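J.: Pasting the sequence and the predicted model now:
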Amino acid sequence: MERYYQESIETASYEQIKKWQSERLVKTINHVYENNKYYRNLMDEKGITPDDIKGVEDLHKLPFLTKDDLRKAYPYGLMSKPLSECVRIQSTSGTTGKRVVAFYTQHDIDLWEECCARAIVAAGGTKDDVCQVCYGYGLFTGGPGLNGGSHKVGCLTLPMSSGNTDRQLQFMTDLEATILCCTPSYAAYLAESIHEAGIRDQIKLKAGIFGAEAWTEEMRHDIEEKLGIKAYDIYGLTEICGPGVAFECSAQAGMHINEDHFIAEIINPETGEVLPEGEKGELVFTCITKEAFPVIRYRTKDICVLTREKCSCGRTLIKMAKPMGRSDDMMIIRGVNVFPSQIEEVLLKVSGGDLTPNYQIIVDRVNNTDTLDINVEMSNNIFSDDIKTIQAIEKKIVEKLRSVLGIGAKVHLVNPKTIERSEGKAKRVIDNRKLV
Ligand code: DLL
C-alpha cells in the first residue's frame, strides 16, 4: 500500500492545490514587494503592483528571474528577511561564474526537509530504515536536504557525505543500510565497487534516491539490477531549495512536484511564452512558501514536460518528466542539437553487459569541423576478447548514434577502469572547442 508523508497535501484535489497556490502567491508577492528592494524595483519597472496579482492566473504578468539576475544580486540583494531571522545559506558550485547564495529561515529549512521527507517515504522509507546519505554536505544542498528529510521520517541517518568509497561500503554493510541517497553516477560506482569486493550478499539496500544530475532509464535498470533495489529519481536546485522540489513515487514514471510550495510553468525558452501542459520547454519555478529567498518565476534552464495525469500512487501533485538535459548542456555539433543524455541512452541500450556505464564525450573542432569522440569503458566480459569483437561493438554504437543524433561520431571502447569515477555530479562532456 502506498505511504505518504503528508497524505492530505499529497493527494489534495486540483481545486485545493490551486487555492493554496493562489493564496500563497499573493502573500509571497506582497512579502517580497514590501521587504526586498530588488523585487520592488523590478515590479515598479514593469508597472506591476502587488494588487495586480490576485491568483495563479496572474503569474504570467510577473517578470522572469535568471541565474544572471541572482548573480548580480549577490550576495544579499535577494534576501527577503532580515539577516537576524536567517539561519543558513546553501550555495551552487559556481563552476560557470559567480556563486549563487540562497538564504533560509528556520521555517524555510523545515519546509524543505518536509519535501525531502515526502521523497523518502515515497521511496518506501519508514522510521525503521537506515538511510545512508552520500550526497556532499556543506554548501551543496544534497547532503543537508536529504539528511533533514531522513530525520523527519525518523530513519537512522548516516551522514556520510560523498567520497571515501571504502568507508561507505563498510558502513553500508556493518549498519545494514536500507536506503541509499547519492548521485546516480556515484550509485553506479558504488555498485561496481560492491561487485568487485564480492560483498553483494551483505548489502541490505532496498531503495535508492538518486538525483542532482540527468540519468536515463537504462541507467536506472542497470543500478537496480546490480544493487537489487528500486531506484527513485529526485530533483531540485539550490535556487529553489535543493533536493525535494520534485520526487518519484512507486510508479517510477516522472516526479511529483511539491506544488503546494513551488508553482511550475513550462515556457518556450526562446520567446518566454507559457506553454500548455504536455509540451516540452524550459521549467520555471515560483516559490510560494519561502520567507528568506523566495525566487519568483525562476528560469531553471532544465528542459522537460509537465503532466497532470492520474498517478497509480494516488498523489495528485503534477508530474515532471525526467529533465532531458539543461538548455546550457545542449551541445551544437555540426549544427545539430545533441544532449549528453541521448548518447548515454544509446550506450546503455547497446551495452548488453559488454559496456560499463562509464563514458566521456569529447567535442573538438578540427579544420573548422566539429568532431565528436566517445570513450566508453568496456566491461571485463569483453576486455580480453579479440579486436574484431570490440570493433563490431564500436560499429554498432556508431550506427545507432547516427540514427538517433543524425551525425557521425567516433567511438572508442577503452580498457576497464580508465575513465575517472565521480563521487558527486559526473563530468561527462569535455568540450575543447574554443567558441568564445
Ligand atoms: O543538484 C540539488 C539536488 C541535490 C537535487 C540532490 C537532487 C538531489 P544544484 O547543484 O543547484 O542542485 O543543481 C541543480 O541539477 O537545475 C538540474 O539541471 C540538475 N538536476 C538536479 N536534479 C536532477 C535530476 C542540486 N533528478 C541542477 N535529473 C538542476 C536531472 C537534475 N537533472
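T.: In hand now; what should we look at? Numbering: from 1, shown residues only.
J.: low-scoring stretches of the chain, by residue?
T.: Along the chain, the parts satisfying pLDDT under 70 run over 94-97, 434-436.
J.: List the buried residues of the longest helix belonging to it.
T.: For the chain, the helix reaching the highest residue count under DSSP state H is reported as helix 14-35. Neighbour-count burial for helix 14-35 flags 17-18, 20-22, 24-26, 28-29, 31-33 (criterion: 16 or more other CB atoms under 10 Å). The C-beta positions use only the backbone N, C-alpha and C, and glycine is treated the same way.
J.: Residue numbers of this structure in contact with the ligand?
T.: Contact residues of the chain with respect to the ligand, defined by CB under 6 Å from any ligand atom, are listed as 92, 135, 141-142, 211-214, 233-238, 242-243, 300, 302, 322-323, 326.
J.: what about 5 Å?
T.: Within the chain, the positions lying close to the ligand (CB under 5 Å from any ligand atom) are 92, 141-142, 211-212, 214, 233-238, 242-243, 300, 302, 323, 326.
J.: Tell me which of those fall in helices.
T.: Secondary structure assignment by DSSP H places Gly142 of the residues of the chain next to the ligand in helices.
J.: From the residues of the chain next to the ligand, which land in strands?
T.: Taking DSSP state E, the ones among those that sit in strands are 211, 233-237, 242-243, 300, 302.
J.: any chance of those residues in TSV, plus neighbour count?
T.: Formatted as TSV, those follow (neighbours: other CB atoms under 10 Å):
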residue	neighbour count
Gly211	27
Asp233	24
Ile234	28
Tyr235	24
Gly236	26
Leu237	22
Gly242	26
Pro243	30
Thr300	21
Asp302	22
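J.: can you put these in JSON lines and add distance to Val338?
T.: Conversion of these to JSON lines gives the following (distance: CB to CB, whole Å):
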{"residue": "Gly211", "distance to Val338": "23"}
{"residue": "Asp233", "distance to Val338": "22"}
{"residue": "Ile234", "distance to Val338": "26"}
{"residue": "Tyr235", "distance to Val338": "22"}
{"residue": "Gly236", "distance to Val338": "26"}
{"residue": "Leu237", "distance to Val338": "23"}
{"residue": "Gly242", "distance to Val338": "29"}
{"residue": "Pro243", "distance to Val338": "27"}
{"residue": "Thr300", "distance to Val338": "20"}
{"residue": "Asp302", "distance to Val338": "17"}
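J.: Let me know the closest of these to Leu65.
T.: If you rank these by distance to Leu65 using CB to CB, Thr300 comes first, at 10.5 Å.
J.: ok, that closest one - contacts?
T.: With contacts taken as CB atoms under 8 Å, 6 or more residues apart in numbering, Thr300 has the following neighbours: 237, 239-240, 282-285, 326.
J.: what's the answer for Cys287, then?
T.: If you count contacts by CB under 8 Å, 6+ apart, Cys287 has them with 28, 240-241, 261-262, 293-296, 298.
J.: what about the closest residue to Gly408 other than its chain neighbours, helix or strand, and which?
T.: Once its chain neighbours are removed from consideration, Gly408 has its nearest residue in Arg402; the separation is 5.9 Å (CB to CB, 6 or more residues apart in numbering). If you go by DSSP states H and E, Arg402 is part of helix 387-405.
J.: do the same with Cys115
T.: Secondary structure here is read from DSSP H and E; on that basis Cys115 sits in helix 106-122.
J.: What of Phe103?
T.: With the criterion set as DSSP H and E, the secondary-structure element containing Phe103 is strand 101-105.
J.: Does that strand pack against any helices or strands, and if so which?
T.: strand 86-91 (3 or more CB pairs under 8 Å, 6 or more residues apart in numbering; DSSP states H and E).
J.: For the strand it packs on, C-alpha coordinates in PDB please.
T.: Output of strand 86-91 as PDB, limited to C-alpha atoms (Å, rounded to 0.1, in the frame of the first residue of the first chain):
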ATOM      1  CA  CYS A  86      18.100  33.900   8.500                       C
ATOM      2  CA  VAL A  87      19.900  30.800   9.900                       C
ATOM      3  CA  ARG A  88      21.600  29.100   6.900                       C
ATOM      4  CA  ILE A  89      23.000  29.600   3.400                       C
ATOM      5  CA  GLN A  90      23.500  27.000   0.700                       C
ATOM      6  CA  SER A  91      25.200  27.700  -2.500                       C
END
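J.: For it, which residues meet the burial criterion?
T.: Taking 16+ other CB under 10 Å as the neighbour-count basis, strand 86-91 is seen to contain the buried residues 86, 89-91.
J.: Equivalent analysis for stretch 103-116, please.
T.: Neighbour-count burial for stretch 103-116 flags 103-105, 108-109, 111-116 (criterion: 16+ other CB under 10 Å).
J.: now stretch 393-408
T.: If you call a residue buried by 16+ other CB under 10 Å, then stretch 393-408 has these buried ones: 393-394, 397, 400-401, 405.
J.: In terms of distance to Pro50, which of those residues ranks first?
T.: Ranking those by separation from Pro50, with CB to CB as the measure, puts Leu405 on top at 47.6 Å.
J.: Just give the closest residue to the closest one, not the sequence neighbours.
T.: Across the structure, with CB to CB, 6+ apart as the measure, the residue nearest Leu405 apart from its sequence neighbours is Val338 (5.5 Å).
J.: One more: Ala426?
T.: Nearest in space to Ala426, with sequence neighbours left out and distances taken as CB to CB, 6+ apart, is Ser185 at 3.7 Å.
J.: Buried only: go through the contacts of Thr300 for me.
T.: The buried subset of the contacts of Thr300 - by 16+ other CB under 10 Å - is 237, 239-240, 282-285, 326.
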